[in-house]
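**Student:** Mind looking at a prediction? Sequence and model below.
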Amino acid sequence: MREVIDGALSEIAVRFSAFIASTAPHVALVIFTRECTGRPRKVAGSPDIIDRVTVGELEELRHAIPLGHSRIQRCLIAGTYRSVWLRRDASDTLLLLVPAADTDSEMEPAAAEQVSAMFGIVATSIRQQVAQASPDYLAGSRAASQERARAVAQLSETHEATLSAILRTLRSSDLDDRKARVIAGQTASAALLATRSVNEADRALSEESVLTAFARLREELSPLFRGDGAVVEFAEPPADGRPLPGEVAHGSRAVVRSIVIACSAQPVFTRLRIAWDCDGRNVIIEVRDQSSGDLDRNGLLRQLAGRVDALHGSLVIDTVAGWGNRIVATLPLDPPALHHDESRLGTLNPRELEVLGHLAAGKRNKSIAADLGISESTVKFHVTGLLRKLGVTNRSEAAAVGARAGLAMWDRP
């Protein structure tokens, strides 16, 4: 299991599929989680299935099965009715297996229990990696979210234009067959409404309301304040604030967690105020404390710089000895316009993103190998792979892409 959860998050389904193949033979595997806003589907297996399965199908199945339960069910998946094995983990992550054609769709109880237990580990690992919101994850997630949003918008615009043209024709008084015109018009109207709902469904999957994001932050921080005697105040953002893209919500919570841990490590720490605001363009995070003012400013900068840079934000840390600290992070809700090559960042795995960060800092292969604890030949292998995926011809061009995306590794802990 270590090899399954230690590799690139984007390929975890492929590794898990191979790991359970002998226990539960299958032709396709899908992991569906709302935690990963950039890539909610992790897939492995037959392209005829995994390339056609939709978020809508998975969302419907996720709601149909209780938390912590498994079942065999015949359902519409990838446009075809088929028998599948489903598991909805306690973390609300869904596993779907399409059994191999020469096997019984009914999984043996012992095998089902084993796969469920192993999937619980995988689901927990996914949730932890997302919650940590590493700079590499944030950069990849933002790039993937932009690509998906652009594809959805283009598809919706194309279908909407086509259906609108059909409606104009059908509503023309030149047509004689009134009944046929009415029926066809109703059909086209329904299709138009369904098409317009695609963007709404995508937003529901990829965004959090600012109040929901802040409530999750309070819940995540509550264990840190038990029994330490400090007074903690939470200042909620405005209820009508703009929803946060998923990567911004995860990044914001990770930034606050790092700040709180750093503040609470001071010798004297009596009061903390955590406030979020949303001005329509940015989420503005402000944390103030009453303390000895002994905050490790440089250490906190190193911790936060990677995440803030990945989201193209800004960071201010003011420290006054004997009084306390004020930390303000401003994270844009919308990313800057991507260069064509930057849009491909979402295709890189975590190790390639890490190597790209070192390239962006101007490091050579020998230095990168020493920093990452790998051989120079392995570094060369990763460099070759990321050059191909980014569509650039040399490491200087790749370094420029990494620098623009905020991946430079010189400020990382």
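**Tutor:** That came through fine. Numbers count the residues shown, from 1 in each chain.
**Student:** Help me confirm that residue 357 is found in a helix?
**Tutor:** Yes. Applying DSSP: H, G, I helix; E, B strand; the rest coil, one finds residue 357 inside a helix.
**Student:** Tell me the pLDDT of it.
**Tutor:** You'll see residue 357 listed with a pLDDT of 86.
**Student:** Residue 342 now?
**Tutor:** For residue 342, the predicted pLDDT is 55.
**Student:** Now do the helix or strand harbouring residue 214: everything it contacts.
**Tutor:** For residue 214, the enclosing helix or strand under DSSP states H and E is helix 210-221. Around helix 210-221, the neighbours that count as contacts under Cβ atoms under 8 Å, 6 or more residues apart in numbering are 131, 208, 232, 234, 236-239, 241-244, 249, 252-253, 256-257, 260, 274, 276, 278, 283. Yep, even glycine has a C-beta here, placed from its N, CA and C like the rest.
**Student:** pretty sure residue 29 is in contact with residue 44, am I right?
**Tutor:** Yes. At 4.7 Å, residue 29 counts as touching residue 44 under the criterion of Cβ atoms under 8 Å.
**Student:** okay, and the common contacts of these two?
**Tutor:** 13, 16-17.
**Student:** out of those, which are buried?
**Tutor:** 13, 16-17 (16 or more other Cβ atoms under 10 Å).
**Student:** Which one of those is nearest to residue 407?
**Tutor:** Using Cβ to Cβ, residue 13 comes nearest to residue 407 of those, at 24.7 Å.
**Student:** Keep only those of the shared contacts of residue 29 and residue 44 that are in helices.
**Tutor:** If you go by DSSP state H, the shared contacts of residue 29 and residue 44 have 13, 16-17 in helices.
**Student:** In contact with residue 293, which residues?
**Tutor:** By Cβ under 8 Å, 6+ apart, the residues touching residue 293 are 266, 319-325.
**Student:** So residue 29 and residue 44 - more neighbours on which side?
**Tutor:** Ranked by neighbour count (other Cβ atoms under 10 Å), residue 29 and residue 44 place residue 29 first, with 25 against 20.
**Student:** hey, what's the more buried one bridged with?
**Tutor:** residue 44, residue 97 (DSSP bridges).
**Student:** confidence score at it?
**Tutor:** pLDDT recorded at residue 29 is 94.
**Student:** where in the chain is pLDDT low?
**Tutor:** 35-39, 102-105, 131-206, 226-228, 335-343, 346, 409-413 (pLDDT under 70).
**Student:** Domain-wise, how is it divided?
**Tutor:** For the chain, the domain assignment from automatic domain parsing gives the residue ranges 2-132, 135-206, 210-332, 343-411.
**Student:** Might you calculate how far the longest one sits from the centre of the chain?
**Tutor:** Distance of domain 2-132 from the chain centroid (Cα atoms, centre = their mean, to the nearest Å) equals 17 Å.
**Student:** Next: stretch 387-400.
**Tutor:** 24 Å.
**Student:** how about the strands of the stretch 51-200 of the chain, start to end?
**Tutor:** Here the stretch 51-200 of the chain has its strands, by DSSP state E, counting those that start in this stretch, at 69-77, 80-88, 94-99.
**Student:** what would these look like in TSV with distance to residue 349 and mean neighbour count?
**Tutor:** TSV is the format used below for those (distance: least, Cβ to Cβ, whole Å; neighbours: other Cβ atoms under 10 Å):
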stretch	distance to residue 349	mean neighbour count
strand 69-77	27	15
strand 80-88	26	18
strand 94-99	22	24
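**Student:** can you list those strands in TSV and add distance to residue 375?
**Tutor:** Shown next, in TSV, are those (distance: least, Cβ to Cβ, whole Å):
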stretch	distance to residue 375
strand 69-77	43
strand 80-88	39
strand 94-99	36
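**Student:** Which among those is found nearest to residue 110?
**Tutor:** The nearest among the strands of the stretch 51-200 of the chain, by Cβ to Cβ, is strand 69-77 at 12.7 Å.
**Student:** could you measure residue 376 against residue 382, distance?
**Tutor:** Per Cβ to Cβ, to the nearest Å, residue 376 is found 11 Å from residue 382.
**Student:** Show me which of the two is the more surrounded one.
**Tutor:** Legend: neighbour count by other Cβ under 10 Å for residue 376 and residue 382, higher for residue 382 (23 against 14).
**Student:** Please name the nearest non-neighbouring residue to the more buried one.
**Tutor:** The shortest distance from residue 382 to any residue other than its chain neighbours is 4.5 Å, reached at residue 355 (Cβ to Cβ, 6 or more residues apart in numbering).
**Student:** Just give me the neighbour total for that neighbour.
**Tutor:** 32.
**Student:** my guess is it meets residue 372, correct?
**Tutor:** Yes. Counting by Cβ under 8 Å, residue 372 is a contact partner of residue 355 at 7.5 Å.
**Student:** shared neighbours of those two, which are they?
**Tutor:** residue 379.
**Student:** What is whatever helix or strand residue 387 lives in packed up against?
**Tutor:** Assigned by DSSP H and E, residue 387 belongs to helix 376-390. Judged by 3 or more Cβ pairs under 8 Å, 6 or more residues apart in numbering; DSSP states H and E, helix 376-390 is in contact with helix 350-360, helix 365-372, helix 395-404.
**Student:** got these as TSV, with distance to residue 33 columns?
**Tutor:** Listed next are these as TSV, based on distance: least, Cβ to Cβ, whole Å:
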stretch	distance to residue 33
helix 350-360	17
helix 365-372	28
helix 395-404	27
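**Student:** Nearest to residue 124 among those would be which one?
**Tutor:** helix 350-360 (17.8 Å).
**Student:** Quick check: buried residues in the helix holding residue 387?
**Tutor:** Applying 16+ other Cβ under 10 Å to helix 376-390 flags 378-379, 382-383, 385-387, 389-390 as buried.
**Student:** Would you check which pair of those lies furthest apart?
**Tutor:** 378 and 390, at 18.6 Å, using Cβ to Cβ across the buried residues of helix 376-390.
**Student:** gap between the closest residue to residue 62 other than its chain neighbours and residue 16?
**Tutor:** Leaving aside its chain neighbours, residue 62 sits nearest to residue 94 (4.6 Å; criterion: Cβ to Cβ, 6+ apart). Here residue 94 is placed at a distance of 13 Å from residue 16 (Cβ to Cβ).
**Student:** which residues do the two both contact?
**Tutor:** Shared contacts of residue 94 and residue 16 (Cβ under 8 Å, 6+ apart): residue 31.
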